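> The following comprises the amino acid sequence and a computationally predicted model.
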Amino acid sequence: MTDLTLLLDSLRRNARVNTFLLGALKPEEYDLSDGKGGQTVAQILRHMAGFRVGWLWHISREDALPLLDPTQKDADGDPQWRWHDRAPNELQGAFTEGDAAAVQAVQTHLASGEPFADPWNEGTYQSSPAHFLQHTIVHDSHHRGQILTLLREGGRSKEEMDGLDDFWAIWRE
């Protein structure tokens, strides 16, 4: 059995960094973009939070179900993500519940020895389901970097940007 202790601690720290960033954003910053067709801060946040349910729908559908509203359907006819129309400042629950569903999926598949479904036949986390949690952390980190760039380019002062560096302390505990 894989020891998930360190990875689960890292996922919890990742969640705290996401919470820090969500709390630091100003409402007027949700619409910031690069002006070249890139996503807005709000779209990036929604993408980050939706990453969990999006992957779970394909690799461990039963674990995605608590994150979905079966009374609403998306363009493909699949159940709609519960947070699909929420304001960016209301996405904390999506991150929290998405992380919990991801952990549940990983623990279930590790305990059973059953690999995740591989709908694209590309070896989806076949070496260990735990890699899904690692992918989630890396994915969030990448997009937080994009958001910080948009904030800097959107007019945050050096002092304000330095204040956002406080989240690094979470990783050094």
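Great, that's in hand.
> So what's the residue count around Ala15?
Using other C-beta atoms under 10 Å, the number of residues around Ala15 comes to 20. (Each C-beta comes from the backbone N, C-alpha and C, glycine too.)
> Helices of this structure, start to end?
Along the chain, counting by DSSP state H, helices occupy 5-24, 41-59, 61-64, 92-112, 131-153, 158-164, 168-171.
> Looking at those, which is nearest to Asp74?
With C-beta to C-beta, the closest approach to Asp74 among the helices of the chain belongs to helix 41-59: 10.0 Å.
> If you count contacts, what does the closest one end up packed against?
Applying 3 or more C-beta pairs under 8 Å, 6 or more residues apart in numbering; DSSP states H and E, one finds that helix 41-59 contacts helix 61-64, helix 92-112, helix 131-153.
> List the buried residues of the shortest one.
Of the residues in helix 61-64, those with enough neighbours to count as buried (16 or more other C-beta atoms under 10 Å) are 63-64.
> and it, average pLDDT?
In this model, helix 61-64 carries a mean pLDDT of 97.
> what's in contact with it?
Contact with helix 61-64 is made by 53, 56-57, 101-102, 104-105, 108, 117, as judged by C-beta atoms under 8 Å, 6 or more residues apart in numbering.
> just to revisit the earlier point, do you know which of the helices and strands packed on helix 41-59 lies nearest Ala42?
Using C-beta to C-beta, the nearest of the helices and strands packed on helix 41-59 to Ala42 is helix 131-153, at 10.0 Å.
> what about burial for the contacts of helix 61-64, which qualify?
53, 56-57, 101-102, 105.
> Among the residues you listed, which one sits closest to Gln72?
Once C-beta to C-beta is applied, the member of the buried ones among the contacts of helix 61-64 that ends up nearest Gln72 is Val53, at 13.4 Å.
> Next one, pLDDT for the nearest residue to that closest one once chain neighbours are set aside please.
Excluding its sequence neighbours, the residue lying closest to Val53 (C-beta to C-beta, 6 or more residues apart in numbering) is Leu67, at 4.3 Å. We have a pLDDT of 98 for Leu67.
> Please apply the same query to Gly123.
For Gly123, pLDDT reads 86.
> Return the residues in contact with it.
Counted by C-beta under 8 Å, 6+ apart, Gly123 has zero contacts.
> go with 10 Å
Under the criterion of C-beta atoms under 10 Å, 6 or more residues apart in numbering, the neighbours of Gly123 are 115-116.
> Can you report phi and psi for it?
Main-chain torsions, Gly123, degrees, to the nearest 10: phi 80, psi 40.
> can you offset everything so residue one is 635?
Sure thing, new numbering starts at 635, so read that last one as Gly757.
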